[in-house]
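Novice: Need a 3D model of the following:
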Amino acid sequence: MIGTALRSATEVQDFVRDQERVHVLGRGSKPALHPRPGAAPLADLSALRGIIEYQPSEYTVTVRAGTPVAEVAAALAEQGQYLPFDPLLPDCATIGGTVAGNLAGSRRYRYGGVRDFILGASVVDGAGRAFRVGGKVVKNSAGFDLSKFLVGSLGQYAIMTELTFKVFPDAPQFHSLSFHCEQLDDALAAIMFIGGSAFELDALDLLPADGGWTLLARLGGISETLSQRAERFAESVKRKTRTLEVRAVEEQNGLWNPLAGLDGASVVKVVLSPKQVTALDAHISQTQRRYGLGGNVAWVATDAIAELERALAKLGLRGLCLLGEVDRPVIGAPLEQQLSARVKSVLDPQGKLV
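Specialist: Okay, here's the model as predicted:
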């Protein structure tokens, strides 16, 4: 995809004013989110990059929307900090695309998602007006928080040019465990037990495996106590649930990447609850899939996107297509549009942003 490279908020304003329709592009790491060539002029924000302000002592960082996630993560890591919502596709995504797609990884399990950590944003709306929403501090005034409404908006309400996040100290060390379960119901029961226990996990994912299911759990902390905590956790899960084999797992690259190993024409994110996993899995048992965040999201790779869409619609679920060629990025059950339509009419009255 080739778009018009924009390097400042002023250039974004001018571009919006000059076009009848506009679609925002970061680095194109999630092609299914973008329209087909010729559908709308592309506003390429990949050159709108860089960290504007970082205050480690205040645990806040402000960056331009086109900044690669890897660049932000590296700067935070130098101070022992990180983005707790664990941005997906960290090697190729931009921070603006992460917010627009509401894309968090496995480590979101402990502290929450993108909405929980975005503090404010500078934006350009569909009329070419530039303004700021939210703030640059953790404590802010009450009221409708438009910056959080932009999360998952796919750039259809306003174009984000700068973003401010709160950050956390990262754990110095991790310990991952795998539990084997023969039945899906046993794995889900273990997830429910863990969620109600006193153990604070960094991540909790569920994967199909030969002869059953693998429940992956990750703990973080200081080396002096981490091994003992992991041992107590494993003993507790084994004692209270119908899990079988438990073993330590090497912290290798890709272990906690929810998209690792998913090979299909399309890759789709489905938001659900643990109670809906059994019904969904009955429809997608022939696909490659992984359940993250303790069963609150499914990552599905499929060569039959139409079949997946029908299954999601039947179950009242929606999916966000990240990879592959699709007619539209959101599939499945229809969205409630009342509030969205009202915000759209104010920020983009001419319907320019698509």
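Novice: L206 is in what secondary structure piece?
Specialist: Assigned by DSSP states H and E, L206 belongs to strand 203-209.
Novice: Of all the residues in that strand, which ones are buried?
Specialist: Using 16 or more other C-beta atoms under 10 Å as the test for burial, strand 203-209 gives 203-208. Using the backbone N, CA and C atoms, a C-beta is placed for each residue, glycine as well.
Novice: Next secondary structure after the one helix or strand R289 maps to?
Specialist: Taking DSSP H and E as the criterion, R289 maps to strand 288-292. For strand 288-292, the following helix or strand on the C-terminal side (DSSP H and E) is strand 297-302.
Novice: same for that following strand, what does it pack against?
Specialist: Judged by 3 or more C-beta pairs under 8 Å, 6 or more residues apart in numbering; DSSP states H and E, strand 297-302 is in contact with strand 266-271, strand 288-292.
Novice: Can you tell me which of the buried residues of strand 203-209 comes closest to N257?
Specialist: Within the buried residues of strand 203-209, proximity to N257 (C-beta to C-beta) peaks at D205, which comes in at 10.1 Å.
Novice: And the closest one, how close does it get to D86?
Specialist: D205 sits 12 Å away from D86, taking C-beta to C-beta, to the nearest Å as the criterion.
Novice: Mutual contacts of those two, please.
Specialist: S106 (C-beta atoms under 8 Å, 6 or more residues apart in numbering).
Novice: Contacts only, for the residue nearest in space to the middle of the chain.
Specialist: Geometric centre of the chain, nearest residue: L103, 1.7 Å, by C-alpha atoms, centre = their mean. Residues in contact with L103 (C-beta under 8 Å, 6+ apart) are 30, 87-89, 93, 97, 114, 269, 322.
Novice: of these, closest to T278?
Specialist: Taking C-beta to C-beta as the measure, T278 lies nearest K269 of the contacts of L103, at 18.9 Å.
Novice: Mind pulling up the pLDDT for the residue of the chain most remote from its centre?
Specialist: Each residue of the chain has a distance to the centre, and by C-alpha atoms, centre = their mean the biggest one is for R239: 33.2 Å. Looking at R239, its pLDDT reads 96.
Novice: and it, that one's in a helix?
Specialist: Yes: counting by DSSP: H, G, I helix; E, B strand; the rest coil, one finds R239 located in a helix.
Novice: what about it, distance to T225?
Specialist: Applying C-beta to C-beta to R239 and T225 gives a distance of 21 Å.
Novice: same question, Q79
Specialist: From Q79 to T225 the distance is 23 Å (C-beta to C-beta).
Novice: same thing with L48?
Specialist: Taking C-beta to C-beta, one finds L48 at 43 Å from T225.
Novice: cool, and L83?
Specialist: 25 Å.
Novice: who's more crowded, the two?
Specialist: Neighbour count, other C-beta atoms under 10 Å: between L83 and T225, L83 has more, with 26 against 10.
Novice: Quick check, that one in contact with A74.
Specialist: No: in this structure, L83 is not within contact of A74 by C-beta atoms under 8 Å, at 11.6 Å.
Novice: Got the domain ranges for the protein?
Specialist: With domains defined by automatic domain parsing, the chain comprises 4-169, 173-249.
Novice: Could you check how far the longest one is from the centre of its chain?
Specialist: Right, the one you point to is domain 4-169. Taking C-alpha atoms, centre = their mean, to the nearest Å, one finds the center of domain 4-169 at 12 Å from the center of the full chain.
Novice: what's the span of it from first residue to last?
Specialist: The first residue of domain 4-169 is 37 Å away from its last residue (C-alpha to C-alpha, to the nearest Å).
Novice: Kindly provide the whole-number mean pLDDT of it.
Specialist: The pLDDT scores in domain 4-169 average 93.
Novice: From the contacts of L103, which land in strands?
Specialist: Among those, DSSP state E puts 269, 322 in strands.
Novice: Closest to T60 out of the contacts of L103?
Specialist: Using C-beta to C-beta, the contacts of L103 come closest to T60 at V114, 15.3 Å.
Novice: which ones are touching the closest one?
Specialist: V114 is in contact with 85, 98-99, 102-104, 151-152, counting by C-beta under 8 Å, 6+ apart.
Novice: Reformat those residues into JSON lines and put secondary structure next to each item.
Specialist: Listed next are those as JSON lines, based on three-state DSSP:
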{"residue": "F85", "secondary structure": "coil"}
{"residue": "T98", "secondary structure": "helix"}
{"residue": "V99", "secondary structure": "helix"}
{"residue": "N102", "secondary structure": "coil"}
{"residue": "L103", "secondary structure": "coil"}
{"residue": "A104", "secondary structure": "strand"}
{"residue": "V151", "secondary structure": "coil"}
{"residue": "G152", "secondary structure": "coil"}
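Novice: can you redo the residues you listed as JSON lines with distance to L219?
Specialist: Converted to JSON lines, the contacts of V114 look like this (distance: C-beta to C-beta, whole Å):
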{"residue": "F85", "distance to L219": "19"}
{"residue": "T98", "distance to L219": "25"}
{"residue": "V99", "distance to L219": "28"}
{"residue": "N102", "distance to L219": "26"}
{"residue": "L103", "distance to L219": "24"}
{"residue": "A104", "distance to L219": "19"}
{"residue": "V151", "distance to L219": "28"}
{"residue": "G152", "distance to L219": "29"}
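Novice: Filter the residues you listed down to just the buried residues.
Specialist: 85, 98-99, 102-104, 151-152.
Novice: hmm, back to that, now rank the contacts of L103 by neighbours and give me the top one.
Specialist: Most neighbours among the contacts of L103, by other C-beta under 10 Å: G97, with 30 neighbours.
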